[in-house]
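[1] Provided below for reference: sequence and predicted model.
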Protein chains: 2
Amino acid sequence: MSEVYEARRARLRERCAAVGTAAAVVSRPANVRYLAGAAPQGSALLVGSEEDVLVCPAPPDRRPVGSSPDPALGTHVLPGPGDPVVAAADLAAGLRIESLALEEHHLTVARYRAVRSVAPRMRPYDLGAAVEQLRVVKDEEEISCLRIGAEIADQALGELLESILVGRTERHLALELERRLIDHGAEGPAFATSVATGPHAGLRGHRPTDRRVEDGDFLSVCLGAAYRGYRCEIGRTFVIGTQPAGWQVELYDLVFAAQRAGRESLVPGVACRDVDRAARQVMGSAGYAEGLPPLTGHGVGLEIDEDPQLTPAAMGKLDACVPVTVEPGVHLPGRGGVRIDDTLVVRPEADGGPELLTITTKELLAL
Amino acid sequence: MSEVYEARRARLRERCAAVGTAAAVVSRPANVRYLAGAAPQGSALLVGSEEDVLVCPAPPDRRPVGSSPDPALGTHVLPGPGDPVVAAADLAAGLRIESLALEEHHLTVARYRAVRSVAPRMRPYDLGAAVEQLRVVKDEEEISCLRIGAEIADQALGELLESILVGRTERHLALELERRLIDHGAEGPAFATSVATGPHAGLRGHRPTDRRVEDGDFLSVCLGAAYRGYRCEIGRTFVIGTQPAGWQVELYDLVFAAQRAGRESLVPGVACRDVDRAARQVMGSAGYAEGLPPLTGHGVGLEIDEDPQLTPAAMGKLDACVPVTVEPGVHLPGRGGVRIDDTLVVRPEADGGPELLTITTKELLAL
């Protein structure tokens, strides 16, 4: 595995060299983990022209620092309190590095000033989202972690559907799903599990309340497993009772068609905004152009919400091996709504087209 | 309630005026909530010389924005994507405010630059931890939220102790505790519940693993409830089996004595470092000076880890109505250890001395 991280750091060094900076200090946790194999809480990674060094905070109370970093990487544990980013900049200054790239979208002004004061002669440079960009296209090892995470989420969801739902609260159902994720081997939930009943159903990111499931409700669920750091997402909407109402079937069919249009547009080279448009158009042509969510999908990986964003204004194209969600939804205030959310990997048609990771059925189930 | 928030904002305006700045943009979520009564995700609060305004991001997917802000406050919802901090600075510039205080310990460099570019003529000023300092001393309404949160945590813990523990994993016990917190009315856990068995016991902030509870183990648990935004903390250590071993009783008695010394030192006006020393000295005199945790307690409130910090180097004194944890612990590598953690409110002796919020027994229970 060590070569994987070394290759990633080499690509970052190339990017730094291309803009004329000799070294970078990476501080955003998911970026540190991507480049170093682990990101002990608060750690910073110096990617230098010579040796790369992971700087870790002093372990409070000898707490174990999580999964282990790349053994090929130099590590430096602070002897006492202090900011690893500042310590990394100090190391760089000691190596007479003249310019240093920093993640200005992650570092606070206060930490940035502290870096500048220990290394006043080093020219600062904004690393921007360089590491986030490296993270967009996944290797097969990463995709396999997402695939296992998706299987876990499918299992947790499948078991919930076999239990009695009427009368249970959103909060309890969410906790139950999270317990099942862990039962099946997840490190934890990939994000706060969302369970939305009745008038809440179909809202993106709804936070579970004490509302109980009632007969005739729409029930939307969105969950994901974290597996070896990778996070995926599945969302489904069900109807509670023996027979869905006419408006429920109609709305479900519409969102299903929109979601399918989004999924089918996932070919290497497609513009992000065209995937969004494919899904959005279906809902718009049925009269739901207003009040649609600002995005219909996004990248996933070490974070649950990564680049690319599938929005009307998104720039850029989707390459092969980019995992994204496709998750359109319609919410009718006071009545509820439908969201259907899958995680897929963009694949060339020769390889069978987009790979669906979350395989729970998308038929409208009446539970 | 509205007057409470207005009074808090008035105190912040006084602080700003004292250092010669006319307005401030507050962005740290707990600080926004403290001053505005609610902090919709990503919102920013402009505290100006004239009107105060809460700037909220465009609601994605019409998601409800949590508890409601102070109705006496002007609110401004962004029509589309955009950074509320930048929009708040833009409002201030429109009011011809000449200098603006910003939370440099919270704002990233990238957001700070965006603020500077919309308001290039406004002199920036570091607000520092001014709002955090206002938050240290609590009013009785805040303390009552902490008290209810502590009751909830006591109940959840009490129920767990009545169940069978041997053979269950740390992860499952932690999830079970979190479910019980919610059962008893918590908004959620105040922080990630820690359950540590056998060799993990006594580690501060241990993240639950798949290790199962075994006969003869120490079992340390640390949990808290979030109630109306306020977060408290309780930690206890138990022995599994019918009879604790001699070394377990000895270690427990030591940590108990250290924790009692810390609690008893909580009088208004005591130096933070003296509380730390009271607890630390007991452990040090028994030969455990090395490898002790860097702190023996901290403030709690809208965040679980607030000022003041009870450490050997802490400056400052504890006032009445400051809630703090007292949580010394000793961990013996390979064998486990003991932590005992209470949340208390500093009160004058005339009022009965420190008020213990977390009342679960601290006798050594063999379960």
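    Sure, I can see it.

[2] For the rest of this, base every contact and every neighbour count on C-alpha atoms.
    Will do.

[3] element containing A:Tyr112, please.
    Using DSSP states H and E, A:Tyr112 falls within helix A:109-118.

[4] what about that helix, near chain B?
    Yes - residues of helix A:109-118 are located near chain B by Cα under 8 Å from any Cα of the partner chain, namely A:Val109, A:Ala110, A:Arg111, A:Tyr112.

[5] Show residues contacting that helix.
    Contacts with helix A:109-118, where a contact means Cα atoms under 8 Å, 6 or more residues apart in numbering or on different chains, come from A:85-86, A:89-90, A:122, A:124, B:104-109, B:112.

[6] Beyond that helix, next helix or strand please.
    Assigned by DSSP H and E, the successor of helix A:109-118 is strand A:123-126.

[7] Moving along the chain from that next one, name the first helix or strand you hit.
    For strand A:123-126, the following helix or strand on the C-terminal side (DSSP H and E) is helix A:130-135.

[8] Tabulate the contacts of helix A:109-118 in CSV, adding columns for distance to A:Leu310 and neighbour count.
    Converted to CSV, these look like this (distance: Cα to Cα, whole Å; neighbours: other Cα atoms under 10 Å in any protein chain shown):
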residue, distance to A:Leu310, neighbour count
A:Val85, 33, 27
A:Val86, 36, 22
A:Ala89, 36, 28
A:Asp90, 40, 18
A:Met122, 38, 20
A:Pro124, 32, 19
B:Glu104, 32, 24
B:His105, 32, 17
B:His106, 29, 19
B:Leu107, 27, 21
B:Thr108, 25, 21
B:Val109, 26, 23
B:Tyr112, 27, 21
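
[9] Looking at those, spot the one nearest A:Arg180.
    B:His106 (35.8 Å; Cα to Cα).

[10] and that closest one, how far is that from chain A?
    6 Å (Cα to the nearest Cα, to the nearest Å).

[11] wait, doesn't that residue sit right on B:Arg28?
    Yes - applying Cα atoms under 8 Å as the test, B:His106 and B:Arg28 come out as touching, 6.1 Å apart.

[12] got the contact list for the residue in the stretch 51-200 of chain A that chain B sits nearest to?
    Residue nearest to chain B within the stretch 51-200 of chain A (Cα to the nearest Cα): A:Thr108, separated by 3.9 Å. Contact partners of A:Thr108, counting by Cα under 8 Å, 6+ apart, are B:Glu104, B:His105, B:His106, B:Leu107, B:Thr108, B:Val109.

[13] out of the residues you listed, who's nearest chain A?
    B:Thr108 (3.9 Å).

[14] excluding its backbone neighbours, what's nearest that closest one?
    A:Thr108 (3.9 Å; Cα to Cα, 6 or more residues apart in numbering or on different chains).

[15] ok, back up a step: got the contacts of helix A:109-118 as JSON lines, with pLDDT and distance to B:Ser2 columns?
    As requested, the contacts of helix A:109-118 are arranged in JSON lines below (pLDDT from 0 to 100; distance: Cα to Cα, whole Å):
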{"residue": "A:Val85", "pLDDT": "96", "distance to B:Ser2": "41"}
{"residue": "A:Val86", "pLDDT": "96", "distance to B:Ser2": "42"}
{"residue": "A:Ala89", "pLDDT": "94", "distance to B:Ser2": "46"}
{"residue": "A:Asp90", "pLDDT": "93", "distance to B:Ser2": "48"}
{"residue": "A:Met122", "pLDDT": "90", "distance to B:Ser2": "49"}
{"residue": "A:Pro124", "pLDDT": "92", "distance to B:Ser2": "45"}
{"residue": "B:Glu104", "pLDDT": "96", "distance to B:Ser2": "28"}
{"residue": "B:His105", "pLDDT": "96", "distance to B:Ser2": "28"}
{"residue": "B:His106", "pLDDT": "96", "distance to B:Ser2": "26"}
{"residue": "B:Leu107", "pLDDT": "97", "distance to B:Ser2": "27"}
{"residue": "B:Thr108", "pLDDT": "96", "distance to B:Ser2": "31"}
{"residue": "B:Val109", "pLDDT": "97", "distance to B:Ser2": "34"}
{"residue": "B:Tyr112", "pLDDT": "96", "distance to B:Ser2": "30"}
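
[16] where do the helices sit along chain A?
    A:2-18, A:29-36, A:84-94, A:109-118, A:130-135, A:140-161, A:170-183, A:246-264, A:272-283 (DSSP state H).

[17] what pLDDT does the residue nearest to the spatial centre of chain A get?
    By Cα atoms, centre = their mean, chain A has its centre lying nearest to A:Ile304, at 1.6 Å. On pLDDT, A:Ile304 comes in at 96.

[18] list the contacts for it?
    A:Ala190, A:Phe191, A:Arg231, A:Cys232, A:Glu233.

[19] Let me know the pLDDT of the residue in the stretch 151-300 of chain A that chain B sits nearest to.
    Closest contact between the stretch 151-300 of chain A and chain B, by Cα to the nearest Cα, is at A:Pro293 (4.4 Å). For A:Pro293, the pLDDT comes out at 82.

[20] picking that back up, any chance of the helices of chain A in TSV with distance to A:Leu46 as columns?
    Shown next, in TSV, are the helices of chain A (distance: least, Cα to Cα, whole Å):
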stretch	distance to A:Leu46
helix A:2-18	10
helix A:29-36	10
helix A:84-94	6
helix A:109-118	13
helix A:130-135	13
helix A:140-161	23
helix A:170-183	34
helix A:246-264	39
helix A:272-283	33
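
[21] Contact residues of chain A facing chain B?
    Checking chain A against chain B by Cα under 8 Å from any Cα, the hits are A:60-63, A:104-112, A:171-172, A:175, A:179, A:182, A:203-206, A:291-294.

[22] same thing but at 6 Å, please
    With Cα under 6 Å from any Cα of the partner chain as the criterion, chain A meets chain B at residues A:Asp61, A:Glu104, A:His105, A:His106, A:Leu107, A:Thr108, A:Val109, A:Ala110, A:Pro293.

[23] ok, so of the residues you listed, who is nearest B:Arg260?
    A:Asp61 (20.3 Å).

[24] Skip the chain neighbours and tell me the closest residue to A:Arg236.
    Closest to A:Arg236 by Cα to Cα, 6+ apart is A:Ile340, at 4.9 Å.

[25] Same check on A:Tyr5?
    A:Leu35 (5.3 Å).

[26] right, and that neighbour touches A:Glu6 too?
    No - with contact defined as Cα atoms under 6 Å, A:Leu35 does not reach A:Glu6; the gap is 7.5 Å.

[27] Which one's more surrounded, these two?
    A:Leu35 (27 against 18; other Cα atoms under 10 Å in any protein chain shown).

[28] Now for that one: which residues touch it?
    Listed by Cα atoms under 6 Å, 6 or more residues apart in numbering or on different chains, the contact set of A:Leu35 reads A:Tyr5, A:Arg8, A:Arg9.

[29] can you do 8 Å?
    A:Tyr5, A:Glu6, A:Arg8, A:Arg9.

[30] Near the closest residue to A:Thr197 other than its chain neighbours, how many other residues are there?
    Of all residues beyond its chain neighbours, the one nearest A:Thr197 is A:Leu219 (4.6 Å), with distances taken as Cα to Cα, 6+ apart. If you count neighbours by other Cα under 10 Å, A:Leu219 ends up with 28.

[31] so what strands line up beside the helix or strand of chain A with the lowest mean pLDDT?
    None of the helices or strands of chain A scores lower by mean pLDDT, DSSP states H and E than strand A:74-77, at a mean of 84. The pairing partners recorded for strand A:74-77 under DSSP bridges are strand A:53-56 (parallel).
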